[in-house]
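In: Predicted structure and sequence below. I'll ask about it afterward.
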Amino acid sequence: MELPITAITQSIKRGDILLSDFDGIDHQKFFVVMGVSEDAICGFFFINSNIHRAIFNKQELLNLQYPLRHVDYPFLRYDSFLCASSVIERSVRSISAGISEGTTSVIGRLKDEHIDDVIEMVRKSHVISAIHKKKYFT
């Protein structure tokens, strides 16, 4: 029995970790839902196994790399980083359709204390726009 898209849409919450394809990326990526707005758009941060070396000399971006340990998230192959330096917006409906069609999978959920840490980190950052902060991180 297939779940209706509306049921999936209502179940997507801040902290959910999903796996999906993204345009311009040649492999599936883990991403974390960090905000769901009133107009049903999600904000995403990617999980990467390493911090990209191009940001090592950009302290503001480096400050937005949140460590995730394999011991806390067994689906990760190694200790990794949540890259919170940009917000990618997608409609909740398209994510729900991907889940329904099997092209997007719900893998897990960030621990509550990690959600709180990341939200606080983003609120203090000058990299994330005030518009995104108000829409997703209040």
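Out: Perfect, thanks for sending it. Numbering: from 1, shown residues only.
In: Only C-alpha atoms from now on, for both contacts and neighbour counts.
Out: Fine.
In: Just the pLDDT for the residue most central in space within the chain.
Out: Nearest to the mean C-alpha position of the chain, by C-alpha atoms, centre = their mean, lies V32 at 2.1 Å. Predicted confidence (pLDDT) for V32: 92.
In: For E89, give the beta-bridge partners.
Out: Judged by DSSP bridges, the bridge partners of E89 are G43.
In: quick revisit: I'd like the distance between the residue nearest to the centre of the chain and I107.
Out: 10 Å (C-alpha to C-alpha, to the nearest Å).
In: which neighbours do these two share?
Out: 16-18 (C-alpha atoms under 8 Å, 6 or more residues apart in numbering).
In: Of these, select the buried ones using a PyMOL command.
Out: The following PyMOL line selects those of the shared contacts of V32 and I107 that are buried, judged by 16 or more other C-alpha atoms under 10 Å:
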select buried, resi 16+17+18
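In: ok, the shared contacts of V32 and I107 vs S96, which is closest?
Out: L18 (11.1 Å; C-alpha to C-alpha).
In: just checking, that closest one touches T103?
Out: No - L18 is beyond contact range of T103, at 10.4 Å (criterion: C-alpha atoms under 8 Å).
In: Could you point out the longest helix of this structure?
Out: Looking across the chain with DSSP state H, the single longest helix is helix 112-124.
In: Which positions in that one come out as buried?
Out: Quick answer for helix 112-124 (16+ other C-alpha under 10 Å): 115, 118-119, 122-123.
In: Same list (the shared contacts of V32 and I107) but as JSON lines, adding distance to H70, pLDDT and secondary structure.
Out: Shown next, in JSON lines, are these (distance: C-alpha to C-alpha, whole Å; pLDDT from 0 to 100; DSSP: H, G, I helix; E, B strand; the rest coil):
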{"residue": "D16", "distance to H70": "16", "pLDDT": "93", "secondary structure": "strand"}
{"residue": "I17", "distance to H70": "14", "pLDDT": "94", "secondary structure": "strand"}
{"residue": "L18", "distance to H70": "16", "pLDDT": "92", "secondary structure": "strand"}
